[in-house]
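**Q** A predicted structure for the sequence below; I have some questions about it.
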Amino acid sequence: MNALRERLWGVAAYFRGNTKLLSGVSLILALVLFWLIGSLVVSPARSAPIASLPSQPPSWQYPLGTDTHGRDLLAVMMMGTGFTLRIGFVAGAIGLGIGTILGFLSGYYGGLLDTVIKWTGDVLLTIPILAVLVVVAAMLPGTMSLNFMTLLVASLSWMLPTRAIRAQVLSMREQAYVQVARLSGMNHLEVIVKELMPNLLPYLAASFVVTSAGAVLALIGLEFLGLGPQDIPTLGMTIYWATSYAAILRGMWWWWAPPAVIIAALFVGLFLVSAGLDEIVNPKLKRRGI
Amino acid sequence: MTALLEARNVTKVFGSGGLFKRKETVALENVTLLIRGSQPSITGVVGESGSGKTTLVRLLLGLLSPTEGEVLYKGRDLQKMSRDERLEFQREVQVIFQDPFEVYNPFYKVDHVLTTPVTKFHLARSKSEAQELIEHALEMIGLRPEETLGRYPHQMSGGQRQRVMVARASLLRPRIILADEPVSMVDASLRATILESLRKLSQEFGTSLLYITHDVTTAYQVSDSIIVIYQGSVVETGDAELVIKNPQHPYTRLLVASIPLSDPDRKWVQDETFVVDQTSIKVEHGCKFVNRCPFAMSVCHKNLPPFFQTDRHRVARCYLYKDGPKIPSFEIGNVFVKKE
Amino acid sequence: MKAEVLQVQNLRVYYQTAVGALKAVDDVTFSLKPRERFGLAGESGSGKSTLALALMCLIKPPGYIEGGQVLLDGVDLIKFSEDEMRKVRLAQIALVPQGAMNTLNPVVRIKGQIIDGIVDHSNKIPRSALEERVHELLKRVELEPEVVNMFPHELSGGMKQRVCLAIAISLSPRVIIADELTSALDVVVQRQVMLTLGQLQENLGASVLLVGHDMGLMAQFVDRIGMLYAGKLVEVGPVREVFKESLHPYTQLLIACLPSLEGKRRFKGIPGLPPLLLNPPSGCVFHTRCPQAMSRCSLEVPSLKEVRPERRVACHLYTEDKR
């Protein structure tokens, strides 16, 4: 129990004095709470079309008004936030997971494996995600479910984490403590997991943030173009519907503004977390010079 | 006289062969070294930077393979060992590195470097037995477990960290410890303590020690035999008393004369005969020291001298002693001093 | 009686930390005579590098000079503004800092590095004469003229340190401070570099402050030596006398643990650990490790007193001594 407390205390130390990290995480947590509490309080059925009176401006009954299809926009925002967050982080996590494994294998073992992984990654990096997504979405209409999108985005976001982690592993592999661990009887896998991985946690965290941000961006990009799921309320699709139905001209600000604000908040939050992690990574290196 | 760890006429060349014969660096050339198994011995390897000491350590550990010659442990070539033989080798030959900070994973407390070998080599049957073993090892080195365990590496001084490394090496009761500059990054007042604990290890557990350093004085104090290396070649080998107190090879003489003695009455003498080294030009043929040697003869430029025996327990690789008996490289082992 | 070139009076340099002030240099007083070689010996954590930087007024936050004076020819450097100090550095007092050879700019030729120093700290040498000056300096440090156009990575360690020495003497300063000048060098090269420094000192008529931990080097090079321990100066005296008959227990123990070539004997270290500067022991900073500690030692801080001609010690063993 004590060990756990110590670890938690160690984690808390990262936040102390780091305003960027603290505010970034708070912002994202606020969005998460918005979604979670929202889905408990507001019934999801209200986010469906024709659930309410259409084109209503904000009022007590409909705090964020309704759109031309009769969707209660508050409900839409709550659910949409949830979807966006989930897709973004899940795609980010999968992308990072693949990237980590490949990065470690590539960096630690080198040789042919390294060459193949690097080459594949570099080639795929040159392909713009959005273009692929658009082509796939256009060719396979109707298959654009959330899970499909998540997997698609994830499959194209592993390249950068792989490179970043490979670079770190290459330099860490030569450290004296790795040699000591080998001389103490550890095999290669144990070295990767026990010696290298713990020191890479800040890099992994930073990578996760970047990959998730990229995933969310790709997702929203697709939705702006109307290629997202048609039947689920998401933030991007809401904006798409709003622009398709000339919400700006009609002055229906409650339709396009909230999703835009939430998306902006999400990116600002991700950016702050990333900047905050940068701060952690650098002073940690300074601490070694005693 | 079975050798425990032996480097037989080892040469190591770095650099690309292949299509273009680009810069090849000869890190070590025809080096022979012997550590016997019958009695523990302490052998000092003295050389300056660029002499090839680090390469030698890595060859002896099997981390590098020799270009020519072999490194044998208990008669088996390191490069050709089976998995079990390798494990045995890893357990019986331990290393202490120079930098007492780099060897610790900053994520873990210092306990990690002690518990890992205990676990991996099954040195204890239970957690409490392991704890006991570790505490005993620390106490033997003169460290207090309650002040050491549970701390992070950055919370300890360089000397303490190095002592924990020595404790780690002693846990495994190795047959041989390779100590690569173990005290050069440690304060003078702690150096003595660490060297003394290494010596004690040797006496109590029968561990042989290979002490690699550029510090001639501590090498003299610790070692029975000394090997002097210059630019990848052994120039003089033998009893520490003879090699240091009565050096024969011109390089050894230069080395010993350059030691700053802690005696204000015995100052360095300005010796114009030894050329100050400019940008290091590696010598291709002949004796490596020829460009700086005040006694260089024409034959020195042409051929690398063989080992000439000047005393029962000392050989020098120098044509100045060509009247003495020649010793072939693989018989150098007999020159090493046997402890009574 | 010639006046002292450099007088350090009650110098205190502290570092501000989250848990209080760390006393890196605590009330240090010593002086440097003209044409003298003075050694400041101390192990890691003794404060010697901080002291060297403080003498050049190069202490940066979180470090700060808490008090004391650094008098160069009677003028207090601590009171100088940065502009005034700039004119003093290199021209009057020069520093070869620890690891200097690693801080040579890798993309600038040696000529440029030396000229940079001269131009930054003095306007007395006209541009036309600069190149000639550089050649002269390299000759003085016994480097071949070709070095002028080389890059640092083409030089060996010993040669790089000589370049640093050349920069240090480029404006013929009165005081040269060398911090761990040769610790990264092999023993043969070290000897040559130290002999060069000695010659430079004689030719310039300058004083040298050699800061380091190598007692052997001190014995070979300096005239007088000061022992630093945990930020305090505990003993000062002529080098021969300090080595042959040390007064302070720390000096005695330190010299006893130096390995010698005389004969083989047991290694002796100093038991215990150097103190934490954030929370130093009460009274004498060495008393926890001192084999001759008395009850007074944990209560009262001993001050550096002259107990014999030219010999100063900070130790209660000598406070009763009336010689």
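**A** That came through, no problem. Residues are numbered from 1 along each chain as shown, chains lettered A, B, ... in the order given.
**Q** from here on, contacts and neighbour counts on C-alpha atoms
**A** Noted.
**Q** what ranges do the helices span in the chain?
**A** Going with chain A. Shown for chain A, the helices assigned by DSSP state H span residues A:2-15, A:19-41, A:73-109, A:111-125, A:129-139, A:146-155, A:159-172, A:176-183, A:188-190, A:197-224, A:235-244, A:253-287.
**Q** try again with chain B
**A** Secondary structure of chain B (DSSP H): helices located at B:53-61, B:83-92, B:111-120, B:127-141, B:145-148, B:158-171, B:188-205, B:216-222, B:240-245, B:250-257, B:298-302.
**Q** As CSV, those with mean pLDDT and mean neighbour count would be great.
**A** What follows is the helices of chain B, written out as CSV (pLDDT from 0 to 100; neighbours: other C-alpha atoms under 10 Å in any protein chain shown):
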stretch, mean pLDDT, mean neighbour count
helix B:53-61, 89, 20
helix B:83-92, 86, 16
helix B:111-120, 91, 19
helix B:127-141, 90, 17
helix B:145-148, 87, 14
helix B:158-171, 89, 24
helix B:188-205, 86, 21
helix B:216-222, 90, 23
helix B:240-245, 91, 21
helix B:250-257, 90, 20
helix B:298-302, 84, 15
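**Q** element containing whatever residue of the stretch 201-323 of chain C ends up closest to chain B, please.
**A** Closest to chain B within the stretch 201-323 of chain C is residue C:216: 4.1 Å, counting by C-alpha to the nearest C-alpha. Secondary structure from DSSP states H and E places residue C:216 in helix C:215-221.
**Q** Leaving aside the residues adjacent along the chain, what's closest to the residue in chain B that chain C sits nearest to?
**A** At 4.1 Å from chain C, residue B:262 is the closest residue in chain B, using C-alpha to the nearest C-alpha. Excluding the flanking residues, the one nearest residue B:262 by C-alpha to C-alpha, 6 or more residues apart in numbering or on different chains is residue C:216, at 4.1 Å.
**Q** With residue B:253 instead?
**A** With C-alpha to C-alpha, 6+ apart, the residue lying closest to residue B:253 is residue B:247, at 5.4 Å.
**Q** what residue lies at the spatial centre of chain A?
**A** When C-alpha atoms, centre = their mean is applied to chain A, the residue found nearest the centroid is residue A:212 (2.0 Å).
**Q** Give me the contacts around stretch A:244-258.
**A** With contacts defined as C-alpha atoms under 8 Å, 6 or more residues apart in numbering or on different chains, stretch A:244-258 is touched by A:55, A:57-58, A:64-68, A:73, A:77, A:238-239, A:242-243.
**Q** filter those by proximity to chain C?
**A** The subset of the contacts of stretch A:244-258 within reach of chain C, by C-alpha under 8 Å from any C-alpha of the partner chain, is empty.
**Q** Those: which two are farthest apart?
**A** Based on C-alpha to C-alpha, the longest span within the contacts of stretch A:244-258 runs between A:58 and A:243 and measures 18.7 Å.
**Q** Show me which of these two is the more surrounded one.
**A** residue A:58 (18 against 15; other C-alpha atoms under 10 Å in any protein chain shown).
**Q** Which residues are in contact with the more buried one?
**A** For residue A:58, the contact set (C-alpha under 8 Å, 6+ apart) comprises A:64, A:65, A:66, A:254.
**Q** Quick check: residues of chain A near chain B?
**A** Counting by C-alpha under 8 Å from any C-alpha, chain A sits next to chain B at A:175-178, A:180-181, A:183-186, A:195, A:198-199, A:288, A:290.
**Q** One more pass at 7 Å, please.
**A** A:175, A:176, A:177, A:180, A:183, A:184, A:185, A:186, A:195, A:198, A:199 (C-alpha under 7 Å from any C-alpha of the partner chain).
**Q** per-residue confidence at the spatially closest residue to the fourth one that is not a sequence neighbour?
**A** This points to residue A:180. Counting by C-alpha to C-alpha, 6+ apart, residue B:103 is the residue found nearest to residue A:180 once chain neighbours are left out, at 6.6 Å. Looking at residue B:103, its pLDDT stands at 91.
**Q** Residue B:103 reaches residue A:177, doesn't it?
**A** Yes: under the criterion of C-alpha atoms under 7 Å, residue B:103 makes contact with residue A:177 at 4.1 Å.
**Q** Residue A:148: how many residues sit nearby?
**A** By other C-alpha under 10 Å, 11 other residues sit near residue A:148.
**Q** Now do the same contact list for it.
**A** By C-alpha atoms under 7 Å, 6 or more residues apart in numbering or on different chains, residue A:148 lies in contact with nothing.
**Q** mind checking how far it is from chain C?
**A** 52 Å (C-alpha to the nearest C-alpha, to the nearest Å).
**Q** Now residue B:191: closest residue in space that isn't a chain neighbour?
**A** residue B:183 is the one closest to residue B:191 (C-alpha to C-alpha, 6+ apart), at 5.6 Å.
**Q** what about that neighbour, how many neighbours?
**A** Neighbour number of residue B:183 under other C-alpha under 10 Å is 27.
**Q** if we can go back for a sec, okay if I get the helices of chain A as CSV plus distance to residue B:127 and mean pLDDT?
**A** CSV is the format used below for the helices of chain A (distance: least, C-alpha to C-alpha, whole Å; pLDDT from 0 to 100):
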stretch, distance to residue B:127, mean pLDDT
helix A:2-15, 17, 72
helix A:19-41, 40, 86
helix A:73-109, 32, 88
helix A:111-125, 39, 91
helix A:129-139, 52, 79
helix A:146-155, 44, 82
helix A:159-172, 30, 89
helix A:176-183, 20, 87
helix A:188-190, 20, 88
helix A:197-224, 24, 85
helix A:235-244, 55, 87
helix A:253-287, 33, 80
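**Q** Of those, which stretch is the most buried?
**A** Sort these by mean neighbour count, taking mean count of other C-alpha atoms under 10 Å in any protein chain shown, and helix A:73-109 sits at the top with a mean of 24.
**Q** middle-most residue in chain C, spatially?
**A** Chain C, centroid-nearest residue using C-alpha atoms, centre = their mean: residue C:211 at 2.7 Å.
**Q** and that one, what pLDDT?
**A** 94.
**Q** Next up, identify which helix or strand it is on.
**A** Using DSSP H and E, residue C:211 sits within strand C:207-212.
**Q** so what's the residue of chain A most remote from its centre up against?
**A** Distance to the chain centre peaks in chain A at residue A:183, reaching 39.4 Å (criterion: C-alpha atoms, centre = their mean). Residue A:183 makes contacts with residue B:90, as judged by C-alpha under 7 Å, 6+ apart.
**Q** burial measure for residue A:249, as a count.
**A** Using other C-alpha under 10 Å, residue A:249 is surrounded by 9 other residues.
**Q** For chain A, what is the nearest residue in chain B?
**A** residue B:103 (4.1 Å).
**Q** Just say helix, strand or coil for the closest residue in space to residue C:301 that isn't next to it in sequence.
**A** Excluding its sequence neighbours, the residue lying closest to residue C:301 (C-alpha to C-alpha, 6+ apart) is residue C:283, at 4.2 Å. Secondary structure of residue C:283, reduced to three states by DSSP: H, G, I helix; E, B strand; the rest coil: coil.
**Q** you'd agree residue C:283 is up against residue C:303?
**A** No: with contact defined as C-alpha under 7 Å, residue C:283 does not reach residue C:303; the gap is 10.5 Å.
**Q** which residues do the two both contact?
**A** By C-alpha under 7 Å, 6+ apart, no residue touches both residue C:283 and residue C:303.
**Q** Check which helices and strands the longest helix seen in chain C sits against.
**A** Counting residues, the longest helix in chain C under DSSP H turns out to be helix C:187-204. With contacts defined as 3 or more C-alpha pairs under 7 Å, 6 or more residues apart in numbering or on different chains; DSSP states H and E, the packing partners of helix C:187-204 are helix C:157-169.
**Q** Name the surrounding residues that touch the helix it packs on.
**A** C:90, C:94-96, C:100-101, C:114, C:117, C:137-138, C:141, C:152, C:185, C:189, C:193.
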